[in-house]
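Engineer: Have a look at this prediction, sequence included:
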Amino acid sequence: MTETTETPPVAPAKVPRAAVPPRTGRGGRLPRGLTPWLFLAVPLALLITFTYVPVGNMIFYSFTDWDGVSPDRRFTGVDNYEQIFTRPELFRVFFVSFYYLAASAVQIAIALYFATVLSFDLRFRNLFKGILFFPYLINGVAIGFVFLYFFQDGGTLDSVLSWFGAGSGHAWLGDPASANTSLAGVSVWRFTGLNFVLFLGAIQSIPAELYEAAQLDGATRRQQFRHIIAPSIRPVISLSVILAISGSLAVFEIPYIMTGGATGTTTFVIQTVKLAFQFNKTGLASAAAVVLLLIILLITWIQRRLVPDEKVDLV
Amino acid sequence: MTTPMPARRRIAPALTYLSLIVASLVVLVPLAVVLLTSLKTSEEVSDGGPLSLPGDWLNFDNYATAFTDGKLLSAFANTAFILLFSITGTVLIGSMTAYAVDRFDFRAKKPVMALFLIATLVPGVTTQVATFQVVNGFGLFNSIWAPVMLYMGTDIVSIYIFLQFIRGIPVSLDEAARLDGANSLTIYWKIILPLLKPAIATVVIIKGITVYNDFYIPFLYMPSEELGTISTALFRFKGPFGAHWEHISAGTILVIVPTLLVFLFLQRYIYNGFARGATK
């Protein structure tokens, strides 16, 4: 480590040059205390410009009736927040999240099953791994088109179902319940691979001796899963759950591309984008975004509480 | 050994393979159908079912139409431009931050780290309304630099990846170089950066895939047609091609193929990269 001696806590952090005696000799080198700022200036400027300034502004806009363009904005207090929670057509979008939340549960279960299965020796293991993971890498718009075609009237899904004798001709994207289920299904198709790879990585980092010992003791696969695999990958599962919950609230791409939010498939983010960029209700959209942000922060906080993260050693 | 054991031993693996095959079909069938459709003529698409086979397996007309009418060439060029600048920027910013935070002791270190840490909790989609105003204020709206700046400026995951790797590089290397008269910039450039190659590979892969596939940012910030990226250019197929599924399918396949090639060549690194990136 570098050896900056403890300086009395006078001027906190702002002008480190004053705190550290300038180095002499060796051709005009920068004073020691300034060097880290040389490396941090650009990253910090970008971080503040594109994360903290927007968050601050957003909170400010949320208390106004600004339309995003005109120079005058009126301070309206908590009126925007009141609207979000009292106008059913604005609040409804939260219920759409439940479809995606249910889908995430399915997704995590499927991923866990295949990660366990494929961490043991199997023929064509790498091929199966590749096939299961690949959807995660595909462009979202491409996936949207693939499944628009898939769910079409008399499309792939109907054709496959008719082989099994199920009646064809269902308008999958035609009514709210089946449209949301179909879209949530697409999200399972797309994201299972990511959970799968995360679980697989965690399972493979379990030392092999543990399995050998368990096998010597006559443990079955099921017991091995319960007593070795499940506890070892708990942190990754907890991370996946938190990503699933915040992800379910922030769904945008697939429903926007496939239905444009029609037939009751508008999600929270689609609505916010529409409010802000189509109806010029920047104030209201900001309030909605603040609500979403608060919900996600709350969930993250609860998760940190329930499953303390052992490795928060960031500094 | 009791009698049911051997039977169970044969059934269990069979079921395992069956589940794997079913899952693979679920992944592959929707993609295969789009591939089939992209090779059909428009009559074949309207007459036959989605699972019927194309009459001519080498019918690439739809690809030509999608490529030229869909302006995919300029879309690939724009995406390549954004990729080049945002990835270079992300690598430099991430490694510089990690170097400064890991190798120097300064009093503002904890607050600075906290700034980066807290930012991970703010999902990008929630602040987009206000971010838009900032980008607009800089006059970057409808400019190819808007996504470049946003991809560079809001990537905290890569900073963590670099931080993890840089901790593994012995400080004695820095000190030896310092004794030889190297200054911090030289140490960063000549010693740290080359040793960070594995981390750079990880960041390039994760960032590359994210940027290539992103729809949201180019869609919001670059609405003009000549600034289409592959996502937004493909999205525009919805309009002019309407229900011409043979053209839409061809465009879709054209967008997927580069991903597939990269995946096939870099499989191992991609798995590792994602396992490392997401668990930070």
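Structural biologist: Thanks, I have the structure now.

Engineer: Which strands or helices does the helix or strand in which residue A:111 is found pack on?
Structural biologist: Here residue A:111 sits within helix A:93-119, counting by DSSP states H and E. The contact analysis (3 or more C-beta pairs under 8 Å, 6 or more residues apart in numbering or on different chains; DSSP states H and E) places helix A:93-119 against helix A:125-133, helix A:176-204, helix A:234-249, helix A:268-277, helix B:4-38. In this view, the C-beta of every residue, glycine as well, is placed from N, C-alpha and C.

Engineer: so where's the stretch 1-150 of chain A uncertain?
Structural biologist: Low-confidence segments of the stretch 1-150 of chain A, defined by pLDDT under 70: A:1-32.

Engineer: Can you tell me which residue is spatially central in chain B?
Structural biologist: Nearest to the geometric centre of chain B sits residue B:209, at 1.4 Å (C-alpha atoms, centre = their mean).

Engineer: Contact residues of the stretch 151-300 of chain A facing chain B?
Structural biologist: Residues of the stretch 151-300 of chain A found near chain B (C-beta under 8 Å from any C-beta of the partner chain) are A:152, A:154-156, A:159-160, A:189, A:194, A:197-198, A:200-202, A:235-236, A:239, A:243, A:246, A:250, A:252-253, A:257, A:269, A:272-273, A:276-277, A:282, A:285-286, A:289-290, A:292-293, A:296-297, A:300.

Engineer: Give the buried residues for the helix holding residue A:111.
Structural biologist: Going by neighbour count (16 or more other C-beta atoms under 10 Å in any protein chain shown), the buried part of helix A:93-119 is A:93, A:96-97, A:99-100, A:103-104, A:107-108, A:110-119.

Engineer: mind checking how far that helix is from the chain centre?
Structural biologist: 13 Å (C-alpha atoms, centre = their mean, to the nearest Å).

Engineer: and the angle for that helix with helix A:125-133?
Structural biologist: Angle, helix A:93-119 to helix A:125-133, by axes from the mean of the first three to the mean of the last three C-alpha atoms, to 10 degrees: 180 degrees.

Engineer: Next secondary structure after the lowest-mean-pLDDT helix or strand in chain B?
Structural biologist: Least confident helix or strand of chain B, by mean pLDDT, DSSP states H and E, is helix B:42-47 with a mean of 78. Heading C-terminal from helix B:42-47, the first helix or strand you meet, by DSSP H and E, is helix B:61-69.

Engineer: how about the CA coordinates for stretch B:154-168, as PDB?
Structural biologist: Only the C-alpha atoms of stretch B:154-168 are listed here, as PDB (Å, rounded to 0.1, in the frame of the first residue of the first chain):
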ATOM      1  CA  THR B 154     -23.300   4.000 -15.800                       C
ATOM      2  CA  ASP B 155     -21.400   0.700 -15.700                       C
ATOM      3  CA  ILE B 156     -20.600  -0.200 -12.200                       C
ATOM      4  CA  VAL B 157     -20.400  -3.900 -12.700                       C
ATOM      5  CA  SER B 158     -17.200  -3.600 -14.600                       C
ATOM      6  CA  ILE B 159     -15.600  -1.500 -11.900                       C
ATOM      7  CA  TYR B 160     -16.300  -4.400  -9.500                       C
ATOM      8  CA  ILE B 161     -14.800  -6.900 -11.800                       C
ATOM      9  CA  PHE B 162     -11.600  -4.800 -12.200                       C
ATOM     10  CA  LEU B 163     -11.500  -4.300  -8.400                       C
ATOM     11  CA  GLN B 164     -11.600  -8.000  -7.800                       C
ATOM     12  CA  PHE B 165      -8.800  -8.700 -10.200                       C
ATOM     13  CA  ILE B 166      -6.600  -5.800  -9.200                       C
ATOM     14  CA  ARG B 167      -6.500  -7.100  -5.600                       C
ATOM     15  CA  GLY B 168      -4.800 -10.200  -6.900                       C
END
